[in-house]
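**Student:** Pasting a predicted model and its sequence here:
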Amino acid sequence: MTRSIRARLLLLAAVWLSVALMAAFLLISRLLEDFVTDRFDAETLAIADSLIGQLEVDEDSGQIELDDRPLDVRYGLPLSGWYWQVLAGDRVIARAPSLLDGRLSGPAGELTGAPGRDVDGAILRVLRRELTLPGSPGTVAVIVTAPMEKIDAALAQIVRPLGAALAILGLGLAAVSVIQVTAGLRSLDRLRADLGQVRSGRADRLALPDVTELRPLTVEINAALDQNADLLARSRQHLGNLAHSLKTPLSALANELPPDHAGQALIMRMDRLIGWHLRRARQAGPRSLGQRTPVGPVIDDILLVLRWPMADRGIAVDISCPPHAAFAGERQDLEEMIGNLAENAVKWGRSMMRISVTTSDALRLRIEDDGPGLASDQARQALARGARLDELGPPGTGLGLAIVADLAALHGGKLRLERSDLGGLAAVLDLPA
């Protein structure tokens with residue numbers, strides 16, 4: 001069976017409607033058939049009673065005679081199927097003009113509705129009544145017939161409109177079912193849209209729906225969002241405490257040793273590794289939902305921090321950022337990604353840094369410099385943790401690009417390193433908008 005709730009409900013509605021309408025059609029058709037047949041039986045019974053009323057026995061000869069004949073014109077049309085006949089034993093006392101010289105024979109019984117056969121092969125509905133007249137030694141049989149073709153035609157005139165009416169009713173009920181199911185599931189569609197708003201950062205919680213059945217689900221989802229935010233806050237607090245407890249002894253040890261001591265290199269390496277693993281642990285923790293961060297203010301704050309290094313190296317910056325550009329995540333993560341890439345561009349650039357932001361289905365940040373740039377194999381190596389392509393270059397931990405790549409992947413994005421038309425490196429960061 002289909003996994004779609006909407007399709008499942010519509011399929012079940014279609015099945016039950018079809019079964020109900022078909023059962024209604026068969027039941028009503030049966031009732032109408034009985035009604036029409038009883039009407040024809042009543043007509044033939046009236047003819048039979050009329051014939052019986054006209055029978056009498058001649059006092060002199062003792063023969064049974066028919067004084068008068070029914071005036072129904074249908075019984076005057078030859079081979080019309082509307083026949084009557086009076087029998088005394090095997091002798092035909094009288095017959096309808098429509099029967100010509102034919103002879104009817106039907107089953108015995110006072111009233112029989114079983115179809116019989118006409119003289120010309122047509123199917124008849126036969127009524128036979130047998131009685132004994134005073135003064136007559138034998139029994140008299142009165143047989144009256146009606147053509148089944150007429151009964152079927154009269155029934156068809158009623159059944160056809162009934163079938164058309166039920167079909168129209170079925171189509172109407174099907175349309176109402178589609179509207180009902182669509183309206184009933186609209187609250188689920190609205191809940192899905194609200195979850196999309198939370199996931200994209202446009203909202204931090206779900207609004208309680210009007211539908212009573214969905215309120216417990218919404219409350220549980222909001223509780224899960226609150227728990228997610230609480231776990232993230234506690235995780236970051238523990239990581240900050242861990243970073244402080246590890247880095248403080250290292251700083252004290254570095255201050256105790258002379259600057260030219262061989263242990264300084266080991267301390268720097270340990271600091272780099274601690275920083276790397278702490279950042280990795282932070283990225284592996286729960287990601288807060290319902291966050292949305294404007295990109296422009298983050299770029300402005302980062303350039304404010306880098307203004308002195310940029311001034312010392314004579315780096316000019318060109319910024320292109322739409323005012324509506326936003327990142328579906330926390331500001332701290334966006335600051336770390338843009339900050340590492342901008343700091344890298346300031347370190348290696350000669351005189352120019354360009355930051356461009358575009359938005360469509362996703363958010364794309366492109367940070368370029370006019371430095372030496374990287375070859376394709378060097379670009380892959382630069383994303384490895386702790387890798388530094390030039391140990392004699394500007395100071396740093398060698399973790400920035402790898403951290404940015406991991407943070408981007410955590411948010412469903414990607415970091416690419418390309419050649420810039422400025423001559424240096426172009427770091428392209430694709431993130432959810």
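**Tutor:** Ah, there it is.

**Student:** Same question for stretch 207-214: list its buried residues.
**Tutor:** Buried residues in stretch 207-214, counted by 16 or more other CB atoms under 10 Å: 209, 214. For the C-beta atoms, the positions are set from N, CA and C on the backbone; glycine is no exception.

**Student:** what separates the residue lying closest to Met310 once chain neighbours are set aside from Pro258, distance-wise?
**Tutor:** Computed as CB to CB, 6 or more residues apart in numbering, the closest residue to Met310 that is not its neighbour in sequence is Val346, at 5.6 Å. Distance of Val346 to Pro258, given as CB to CB, to the nearest Å: 31 Å.

**Student:** who has more neighbours, the two?
**Tutor:** Legend: neighbour count by other CB atoms under 10 Å for Val346 and Pro258, higher for Val346 (20 against 8).

**Student:** just checking, what packs against the helix or strand hosting that one?
**Tutor:** Applying DSSP states H and E as the criterion places Val346 in helix 331-348. Helix 331-348 is packed against helix 295-305, helix 307-313, strand 352-359, strand 362-369, helix 400-410, strand 425-432, with contacts defined by 3 or more CB pairs under 8 Å, 6 or more residues apart in numbering; DSSP states H and E.

**Student:** Return the set of buried residues in that helix.
**Tutor:** Quick answer for helix 331-348 (16+ other CB under 10 Å): 333-348.

**Student:** before we move on, the earlier item: let me know the distance separating the residue nearest to Met310 from Ser320.
**Tutor:** From Val346 over to Ser320 (counting by CB to CB), the distance is 18 Å.

**Student:** do Leu127 as well
**Tutor:** 100 Å.

**Student:** go on, Met353?
**Tutor:** Distance from Met353 to Ser320, by CB to CB: 12 Å.

**Student:** give me the number of residues near Leu195?
**Tutor:** Neighbours around Leu195, by other CB under 10 Å: 16.

**Student:** per-residue pLDDT, the spatially closest residue to it that is not a sequence neighbour?
**Tutor:** Among residues not flanking Leu195 along the chain, Leu206 sits closest, at 6.9 Å (CB to CB, 6+ apart). For Leu206, the model assigns a pLDDT of 85.

**Student:** Distance from the strand or helix carrying Ala164 to the middle of the chain?
**Tutor:** Per DSSP H and E, Ala164 falls inside helix 148-200. Here helix 148-200 shows a centroid-to-chain-centroid distance of 17 Å under the convention CA atoms, centre = their mean, to the nearest Å.

**Student:** Check which helices and strands it is in contact with.
**Tutor:** helix 5-53, strand 123-131, helix 215-256.

**Student:** Save these as a markdown table, and put in mean neighbour count too.
**Tutor:** Listed next are these as a markdown table, based on neighbours: other CB atoms under 10 Å:
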| stretch | mean neighbour count |
| --- | --- |
| helix 5-53 | 14 |
| strand 123-131 | 20 |
| helix 215-256 | 13 |
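
**Student:** Is it possible to get a markdown table of these that adds mean pLDDT and distance to Gly373?
**Tutor:** Below are the helices and strands packed on helix 148-200 laid out as a markdown table (pLDDT from 0 to 100; distance: least, CB to CB, whole Å):
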| stretch | mean pLDDT | distance to Gly373 |
| --- | --- | --- |
| helix 5-53 | 90 | 54 |
| strand 123-131 | 86 | 99 |
| helix 215-256 | 77 | 33 |
